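[1] dropping a prediction and its sequence here:
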Amino acid sequence: MYDLILKNGQIVTPQSTYKGDILVRDGIIDAIALPGGEHEAVRCVDVSGKYVFPGIIDPHVHIHATFAGCIDALAFYTAS
């Protein structure tokens, strides 16, 4: 059983873009499958219409950024 399945996403890889499911076990992508497969998971999220970039980490973040006189409440450990 998987921990998480992201179903029906538009998966983007360096080689192509296609519709599929991302299967996660122990916090790591275990498999990428064609949509419609019968897989069991603790949590399943339908990401239809969304682009999914497996393995990509967003390096652009604003932590404790000041904006309009307010400071972001997130610290390094809560935001990452």
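    Perfect, I can see it now.

[2] and the residue nearest the centre of the chain, what is it in contact with?
    Using CA atoms, centre = their mean, the residue of the chain that lies closest to the mean C-alpha position is Val52, 6.4 Å off. When contacts are counted by CB atoms under 8 Å, 6 or more residues apart in numbering, Val52 is found next to 6, 9-12, 22. All C-beta atoms are positioned from the backbone trio N, CA, C, and that covers glycine.

[3] and what of Glu38?
    Glu38 touches nothing, counting by CB under 8 Å, 6+ apart.

[4] longest strand in this structure, please.
    The residue-count maximum for a strand in the chain (DSSP state E) belongs to strand 2-12.

[5] and Pro35, how far is that from Val42?
    In this view, Pro35 and Val42 are 19 Å apart by CB to CB, to the nearest Å.

[6] returning to that earlier point: export the following helix or strand past the longest strand of the chain to PDB, keeping only CA atoms.
    Sequence-wise, the next helix or strand downstream of strand 2-12 (DSSP states H and E) is strand 17-25. What follows is strand 17-25, C-alpha atoms only, in PDB (Å, rounded to 0.1, in the frame of the first residue of the first chain):
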ATOM      1  CA  THR A  17       4.400  15.600 -20.600                       C
ATOM      2  CA  TYR A  18       1.600  13.000 -20.100                       C
ATOM      3  CA  LYS A  19      -1.300  12.200 -17.900                       C
ATOM      4  CA  GLY A  20      -0.500   9.800 -15.000                       C
ATOM      5  CA  ASP A  21      -0.500   8.900 -11.300                       C
ATOM      6  CA  ILE A  22       2.400   9.400  -8.900                       C
ATOM      7  CA  LEU A  23       2.700   6.700  -6.300                       C
ATOM      8  CA  VAL A  24       4.500   7.700  -3.000                       C
ATOM      9  CA  ARG A  25       5.800   5.400  -0.300                       C
END
